[in-house]
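K.L.:
Okay, here's the prediction I keep looking at, along with the sequence it came from:
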Amino acid sequence: MKLLGELRREIGASLERAGKFPGEAALLLQAVTGIDSLGQLLAPDTPLLPGQSRKLTRLLRLRLSGEPLQWLLGETEFFGLRLQVCRGVLIPRPETEQLVDWALRSWQPGWSRVADVGTGSGAVALALAAQHPEVALWASDLNPRALRLARRNARRLGLQISFKLGDLLVSIPKGLDLIVANLPYLPLGAPLPEEVRREPAAALFGGSDGLALIRPLIVQARTWLRPGGALMIELDPSGVAPLLQELAGSAALEMRRDLNGTPRFLKIRFVEDRF
């Protein structure tokens, strides 16, 4: 019978040999035993029960085969919130936290109607609702499974959001102050890490140039936004320059880079003034 401390070292070494972060060993052990990382360090001689050992063996095998850690744990953290995740729904990414942060920093007094388009697990909508519970917030997606997951996350967090099944904005009332979107934006054929390739293609790829959904959203946003409202989107770096050129002179535009210095986010206002 192996002990926590021994297993933590062995699993960490296996993960490192496979090119993965050895610190994941503590998370896999916690998923099996319920003992967090500090508890594992304080009680390294704790033995695993036979059922726990079998579950740990299965989780480690899946992780070494390339299964995303978030799926194995059943949850991930996004903007300080613990969110459930599942196969068939895009895993929230840390870079999207920057989109949320920019939206919150751009928030204007009096904004009361907000939409998250392509909500997936609900990550962006829930992060905004946690900071501004007073606003009316809608979140849409074409994937019924994603909406079921997003609703579960909202219930667990006690946050009020109106989830809508539908294409882009068509199921959401007009007169919005802010639209935030992290739609599928990768160009078809874009190279992807092994783990990302396991996620649903429909949540990743946005046509030949990555803008197949973003362009129609921009067209809709002109009608759905109130004067002074804003559309804020995350997109592939290759799509930033074409949009800046296409929208030049017809909208106030602002671009932000991600933490790697790559153009990643675009704010669009269909008025002359900026904020």
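P.N.:
That came through, no problem. Everything quoted here is computed from the prediction, not taken from an experiment.

K.L.:
how about the strands of the chain, start to end?
P.N.:
75-78, 81-84, 113-117, 136-141, 162-165, 176-181, 225-234, 252-257, 263-269 (DSSP state E).

K.L.:
Burial-wise, tell me which of those strands comes out on top.
P.N.:
Among these, ranked by average contacts under mean count of other CB atoms under 10 Å, first place goes to strand 113-117 (a mean of 26). C-beta here means a position set from N, CA and C on the backbone, and glycine is covered the same way.

K.L.:
That one - contacts with which helices or strands?
P.N.:
Under the contact criterion of 3 or more CB pairs under 8 Å, 6 or more residues apart in numbering; DSSP states H and E, strand 113-117 touches helix 123-131, strand 136-141, strand 176-181.

K.L.:
Give me the angle between the first one and strand 113-117.
P.N.:
Yep, that's helix 123-131 we're talking about. Angle of helix 123-131 versus strand 113-117, following axes from the mean of the first three to the mean of the last three CA atoms, to 10 degrees, is 150 degrees.

K.L.:
Contacts only, for L69.
P.N.:
Contact partners of L69, counting by CB atoms under 8 Å, 6 or more residues apart in numbering, are 24, 27, 63.

K.L.:
same thing but 6 Å
P.N.:
Counting by CB atoms under 6 Å, 6 or more residues apart in numbering, L69 makes contact with E24.

K.L.:
hang on, L147 packs against S140?
P.N.:
No - when contacts are counted by CB atoms under 6 Å, L147 is not listed as touching S140 (8.4 Å).

K.L.:
Reformat the strands of the chain into a markdown table and put mean pLDDT and distance to E246 next to each item.
P.N.:
Shown next, in a markdown table, are the strands of the chain (pLDDT from 0 to 100; distance: least, CB to CB, whole Å):
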| stretch | mean pLDDT | distance to E246 |
| --- | --- | --- |
| strand 75-78 | 97 | 31 |
| strand 81-84 | 98 | 34 |
| strand 113-117 | 98 | 19 |
| strand 136-141 | 98 | 24 |
| strand 162-165 | 98 | 28 |
| strand 176-181 | 98 | 17 |
| strand 225-234 | 96 | 13 |
| strand 252-257 | 95 | 10 |
| strand 263-269 | 96 | 11 |
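
K.L.:
per the record, what domains does this protein have?
P.N.:
Using automatic domain parsing, the domain parsing of the chain gives 4-65, 90-269.

K.L.:
Now tabulate the ones you listed in CSV and tack on distance to L73.
P.N.:
Shown next, in CSV, are the domains of the chain (distance: least, CB to CB, whole Å):
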stretch, distance to L73
domain 4-65, 5
domain 90-269, 11
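
K.L.:
Among those domains, show me which one is buried the most.
P.N.:
Of the domains of the chain, domain 90-269 is the most buried (mean count of other CB under 10 Å), at a mean of 18.

K.L.:
and that domain, how far apart are its ends?
P.N.:
28 Å (CA to CA, to the nearest Å).

K.L.:
Now do the contacts for the nearest residue to E95 once chain neighbours are set aside.
P.N.:
Nearest residue to E95, sequence neighbours excluded (CB to CB, 6 or more residues apart in numbering): D258, at 5.1 Å. Listed by CB under 6 Å, 6+ apart, the contact partners of D258 are 95, 98, 264.
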